[in-house]
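In: Give me the fold of what follows.
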Amino acid sequence: MVAGVVLERSGEAAAGQVELSEVLFGATVLAVATSLPEISTGLQAIRQGDDNLAISDIFGGNAFLPGLFLIATVISGQAVLPHIGPTDIYLTALAALLTSVYIVGIIFRSKKQVVGIGVDSLIVLTLYLIGIAGLFAITA
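Out: Now for the predicted structure:
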């Protein structure tokens, strides 16, 4: 928890340095930085041919994060979700959409690839880029 506070404060300062809103900085730069362990594990799992490890690593991390709302509620003594802002709701909806695309991809397991990646991954990448552009639009 201490590291989380330090990360939030340093992210705030870094966002100010590059003149980017804290929300945009967190949704892009900090998101990539905090995802590096999953990226590393996922790439190694793919190299070893263990798709299940890569998928479970991604979904396991994403399944854990909502549990943090419960911890935050217990620590603060009040519900945290009623205090979230429009950008938080937007990012949560984007995350749910991207996760849904991967769930559909897992169910249908298409072998077709485009530009060396699965169709579901291409859709997720496209939606993520559109989503981040939308985030720039709503925070501007």
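
In: By mean pLDDT, flag the weakest helix or strand of this structure.
Out: The weakest-scoring helix or strand in the chain, judged by mean pLDDT, DSSP states H and E, is helix 51-64 (a mean of 74).

In: what element comes up after it heading to the C-terminus?
Out: helix 67-76 (DSSP states H and E).

In: So which elements touch the helix or strand just after that following helix?
Out: Sequence order places helix 86-108 as the next helix or strand after helix 67-76, per DSSP H and E. On a contact count with 3 or more Cβ pairs under 8 Å, 6 or more residues apart in numbering; DSSP states H and E, helix 86-108 meets helix 51-64, helix 119-139. Heads up, the C-betas are built off the backbone N, CA and C, glycines and all.

In: Now do the buried residues in the least confident helix or strand of the chain.
Out: Ala54, Asp57, Ile58 (16 or more other Cβ atoms under 10 Å).

In: give the contact list for the first one.
Out: Neighbouring residues of Ala54 by Cβ atoms under 8 Å, 6 or more residues apart in numbering: Thr41, Gly42, Ala45, Ile46.

In: From Ala133, how far off is it?
Out: 27 Å (Cβ to Cβ, to the nearest Å).

In: do the last one as well
Out: Here the distance between Ile58 and Ala133 works out to 23 Å (Cβ to Cβ).

In: excluding its backbone neighbours, what's nearest Val80?
Out: Ala72 (4.7 Å; Cβ to Cβ, 6 or more residues apart in numbering).

In: The one you found: neighbour count?
Out: Using other Cβ atoms under 10 Å, Ala72 has 14 other residues around it.

In: Ok, Val32 next?
Out: 10.

In: Show me which positions of the helix or strand containing it end up buried.
Out: Counting by DSSP H and E, the element that carries Val32 is helix 31-47. Judged by neighbour count using 16+ other Cβ under 10 Å, the buried positions of helix 31-47 are Thr41, Gly42, Ala45.

In: Least confident of these?
Out: In terms of pLDDT, Gly42 ranks lowest among these, with 80.

In: That residue: what's its closest spatial neighbour, skipping adjacent residues?
Out: Ala54 (4.3 Å).
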